[in-house]
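> With the sequence up front, the predicted model follows.
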Number of protein chains: 2
Amino acid sequence: MPKRIGRYTIELETNPAVVGFAAVAGKKEYEGPYGQYYDQCHTDTTLGESSWEKAESRLQNEAVQIALKKSKLKNTDIDCIFAGDLLNQCISSTFGLRSLDIPFLGQYGACSTMAQTLGIASLFVESGAAARTAAVTSSHFCSAERQFRLPLEYGGQRTPTAQWTATAAGAMILGARTQYQAAPVGIRAITFGRIVDFGLKDAANMGAAMAPAAANTLEDYFNDTGSNPQDYDLILTGDLGLIGSELLDELMNHEGKDIRSVHNDCGLMIYDRNKQDVHAGGSGCGCSAAILCSVILQQMSAGQLHKVLFIGTGALMSPTSQQQGESIPSVAHLVFLQA
Amino acid sequence: MPKRIGRYTIELETNPAVVGFAAVAGKKEYEGPYGQYYDQCHTDTTLGESSWEKAESRLQNEAVQIALKKSKLKNTDIDCIFAGDLLNQCISSTFGLRSLDIPFLGQYGACSTMAQTLGIASLFVESGAAARTAAVTSSHFCSAERQFRLPLEYGGQRTPTAQWTATAAGAMILGARTQYQAAPVGIRAITFGRIVDFGLKDAANMGAAMAPAAANTLEDYFNDTGSNPQDYDLILTGDLGLIGSELLDELMNHEGKDIRSVHNDCGLMIYDRNKQDVHAGGSGCGCSAAILCSVILQQMSAGQLHKVLFIGTGALMSPTSQQQGESIPSVAHLVFLQA
């Protein structure tokens, strides 16, 4: 049963199993350093669909279908699916998953959504509310650009602090440990974050806005568990990019927790910043979802990584809130995965 | 501990307690049949804020603050808050609740969001993942109109099948039964719905699009529990309005479950359709939230209502999906409350 440790952390005593996982990505992501780890890549950004929104829906659907197939499960074996994305009214998720006939719970945590869906999906399994659950998120460069920024045809210049929204989706299937005793990876603890707002207003520098939220949740977790950065093989944030990652390292240093030797960020991993012209790195729900559900879980399954803190970070603004002069509230959710 | 009954229903054995609740509403809602049941009403649709979006954030914040006060609790007593709304990127929730410093999990289920947040919040308490949780949603006529339809200044005519988005918010505080043994109302079961899409495309007739989802979830619940409509004092949908409600009654009749004598709909309750010019009734997350968190829970607490099935219904489309010619996927989540 879930057990609260300290003020903010929930320990999962039954160690819910990662039964399966899959990542689907676009061309630019395939050309990145971890391209060979994805289950499927698309060279056409439309995926043959008539709009980018429909393409993103399809990314999400494919990620779930492949994760189910790899888990040797059917859609009807899943009791509940937790899904979210960046589009208004989460239409990538609702349209992408409507054919699956699985009880659907839409989640919104901006780029923290993979950690949020994974955390809740694990808790449902831990508590017995579900035997098997799924967690999935996606993002698409083209659908995000035109919704959050400018029409692609306009050819707007991006600032050096901007991040590149990944065209990708990642899905995980969770199951009760009693049924999946041999599954190599399990979920051990979760810390859901509080909203943090340091007053930053630059939507082209969301890494900086999100770093304090990541620091806050990470400190909560260390305080609650009495553990230290060195107790983990990897502290994986997603997606702070270059500026946010450096800021997080600095903020944690101020708290006497040096994470630099074990910290990496999905936004820094997904592209080769020297060659791929993505400025401060990648972003979008699909970025951390695809990195976690490919190279990270593959390495954990192979015994190359054991203890991983996955921290999804989200900037909770909208174009409307920006136009009204508001700052950027942020949140970060942490999931401790152990192989 | 939560226990699965049948294929889709989760029974809550510990009977999590409704510790407190509150509803905040606007002028038109105050003038409706249940105006005197709300905790707070605003005659100014801006609530003194500089935008309708900020006004909606404030509705949500006030609903939580009043519910906390009525529960004799502080924000730090809440382990997790589940919140959602209709605005892009759920900004009513993120901005409305950012000052509360409570672990935040954004939810998106369109107008089904109150049932979704309440269901998950109850499960967190039932499982021990949280000692106390909060569930809150809001909507605002003006922020919804300009985002989903047309600028208010345009003065567009509404079709007879259209519903009126309520300016309202409702919040509930849930707590472990061991701590709140005397609390009159508890949560007994939850059925999370699957996405249903009958191919309807008229965004001015969302009641019709959502009715099949409500029927689906209600049938799942009756099948899973072996119960019948007559076992309940009230089957409360929100928000199908006039057309959706009649359709649901008909669909249930076809299944041999006549719900007419116990069925009511928050969209039909919130306004006086004869006097208030709202066409097919009310809608918006805040509609069902405000009705549930005022008259319904007050009557349950007073022993006037005992067994209530609350079914939140949501139309999971967006203006973009509509413009791309898509149909309207819908979902309905059910929560069984007992006094």
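Nice, thanks for sending it over.
> and residue A:50, how many residues sit next to it?
With neighbours defined by other Cβ atoms under 10 Å in any protein chain shown, the count for residue A:50 comes to 10. (Glycine included, C-beta is placed from N, CA and C.)
> Report the secondary structure state of it.
State at residue A:50, reduced to three classes by DSSP: H, G, I helix; E, B strand; the rest coil: coil.
> quick one, phi psi at it?
Here is the backbone geometry of residue A:50 (degrees, to the nearest 10): phi -90, psi -10.
> residues in contact with it?
Shown here is residue A:50, whose contacts under the criterion Cβ atoms under 8 Å, 6 or more residues apart in numbering or on different chains are residue B:324.
> Can you check the pLDDT for residue A:156?
Residue A:156 is assigned a predicted lDDT (pLDDT) of 88.
> same check, this time on residue A:58
98.
> so it touches residue A:96, yeah?
Yes. At 6.6 Å, residue A:58 counts as touching residue A:96 under the criterion of Cβ atoms under 8 Å.
> need the contact list for the spatially closest residue to residue A:107 that is not a sequence neighbour.
Setting aside the residues directly before and after it, residue A:107 is nearest to residue A:84 in space (Cβ to Cβ, 6 or more residues apart in numbering or on different chains), at 3.8 Å. Contact analysis of residue A:84 by Cβ under 8 Å, 6+ apart lists A:90, A:93, A:106, A:107, A:108, A:109, A:113, A:116, A:117, A:137, A:285, B:108.
> now residue A:98
By Cβ under 8 Å, 6+ apart, residue A:98 lies in contact with B:195, B:197, B:316, B:329.
> Residue A:227 too?
Residue A:227 is in contact with residue A:221, counting by Cβ under 8 Å, 6+ apart.
> So residue A:58 and residue A:96 - more neighbours on which side?
Remark: of residue A:58 and residue A:96, residue A:96 carries more neighbours, 27 against 22, as counted by other Cβ under 10 Å.
> Make sure I have this right: that one is in a helix.
Yes. Under three-state DSSP, residue A:96 falls within a helix.
> Hmm, residue A:143 and it touching each other?
No. Residue A:96 sits out of contact with residue A:143 when judged by Cβ under 8 Å, with a separation of 11.8 Å.
> quick one: common contacting residues for those two?
Common neighbours of residue A:96 and residue A:143, counting by Cβ under 8 Å, 6+ apart, are residue A:56.
> among the contacts of residue A:98, who's most crowded?
Tallying neighbours with other Cβ under 10 Å puts residue B:316 at the head of these, with 30 neighbours.
> The residue lying closest to that one once chain neighbours are set aside - how many residues pack around it?
With Cβ to Cβ, 6+ apart as the measure, residue A:94 is the residue that lies nearest to residue B:316, at 3.7 Å, once sequence neighbours are left out. Here the count is done by other Cβ under 10 Å, and residue A:94 has 33 residues near it.
> And residue A:94, what's its pLDDT?
Per the predicted model, pLDDT is 98 at residue A:94.
> doesn't residue B:314 make contact with it?
No. With contacts counted by Cβ under 8 Å, residue A:94 stays clear of residue B:314, the gap being 9.1 Å.
> Skip the chain neighbours and tell me the closest residue to residue A:142.
With Cβ to Cβ, 6+ apart as the measure, residue A:52 is the residue that lies nearest to residue A:142, at 4.0 Å, once sequence neighbours are left out.
> where does residue A:84 land on pLDDT?
The model reports residue A:84 with a pLDDT of 98.
> How about the backbone phi and psi for it?
As for residue A:84, its main-chain torsions (degrees, to the nearest 10) stand at phi -160, psi 170.
> How about it: which residues does it bridge to?
Residue A:84 has these beta-bridge partners by DSSP bridges: residue A:137.
> ditto for residue A:105
According to DSSP bridges, the residues that bridge with residue A:105 are residue A:82.
> Would you mind listing the residues in contact with it?
Neighbouring residues of residue A:105 by Cβ under 8 Å, 6+ apart: A:80, A:81, A:82, A:83, A:120, B:107, B:109, B:116, B:120, B:192.
> Which one of the residues you listed is nearest to residue B:202?
Closest to residue B:202 out of these is residue B:109 (20.6 Å), distances taken as Cβ to Cβ.
> Stretch A:321-329: end-to-end distance?
Chord length of stretch A:321-329, first to last residue, is 10 Å (Cα to Cα, to the nearest Å).
> try stretch A:72-85
26 Å.
> which one is the residue of the stretch 101-250 of chain A found nearest chain B nearest to, not counting chain neighbours?
Nearest residue of the stretch 101-250 of chain A to chain B, counting by Cβ to the nearest Cβ: residue A:127, 3.4 Å away. Setting aside the residues directly before and after it, residue A:127 is nearest to residue B:127 in space (Cβ to Cβ, 6+ apart), at 3.4 Å.
> can you map out the strands along the stretch 1-150 of chain A?
Listed in chain order, the strands of the stretch 1-150 of chain A (DSSP state E, counting those that start in this stretch) span residues A:2-5, A:9-12, A:17-25, A:40-41, A:80-85, A:104-108, A:132-139.
> ok, residues contacting the fourth one?
The contact list for strand A:40-41, computed with Cβ under 8 Å, 6+ apart, reads A:22, A:24, A:25, A:26, A:27, A:29, A:30, A:35, A:62, A:66.
> For those residues, pick the one with the most neighbours.
By neighbour count, taken as other Cβ under 10 Å, the most surrounded of the contacts of strand A:40-41 turns out to be residue A:24 (32 neighbours).
> For residue A:122, see how far away that residue is.
As judged by Cβ to Cβ, to the nearest Å, residue A:24 and residue A:122 stand 22 Å apart.
> Now flag whichever of the contacts of residue A:105 is closest to residue A:215.
Taking Cβ to Cβ as the measure, residue A:215 sits nearest to residue A:120 out of those, at 22.8 Å.
> Would you agree the closest one is in contact with residue A:107?
Yes. Taking Cβ under 8 Å as the contact criterion, residue A:120 and residue A:107 are neighbours in contact, 7.1 Å apart.
> Now the common contact residues for these two.
Going by Cβ under 8 Å, 6+ apart, residues that sit against residue A:120 and also against residue A:107 are A:82, B:105.
> picking up where we left off before, okay, the strands of the stretch 1-150 of chain A in CSV with distance to residue A:165 next?
What follows is the strands of the stretch 1-150 of chain A, written out as CSV (distance: least, Cβ to Cβ, whole Å):
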stretch, distance to residue A:165
strand A:2-5, 33
strand A:9-12, 30
strand A:17-25, 12
strand A:40-41, 17
strand A:80-85, 11
strand A:104-108, 16
strand A:132-139, 5
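> returning to that earlier point: could I get the contacting residues of the residue nearest to residue A:127?
The neighbourhood of residue B:127, defined by Cβ under 8 Å, 6+ apart, consists of A:1, A:2, A:123, A:126, A:127, A:128, A:129, B:1, B:2.
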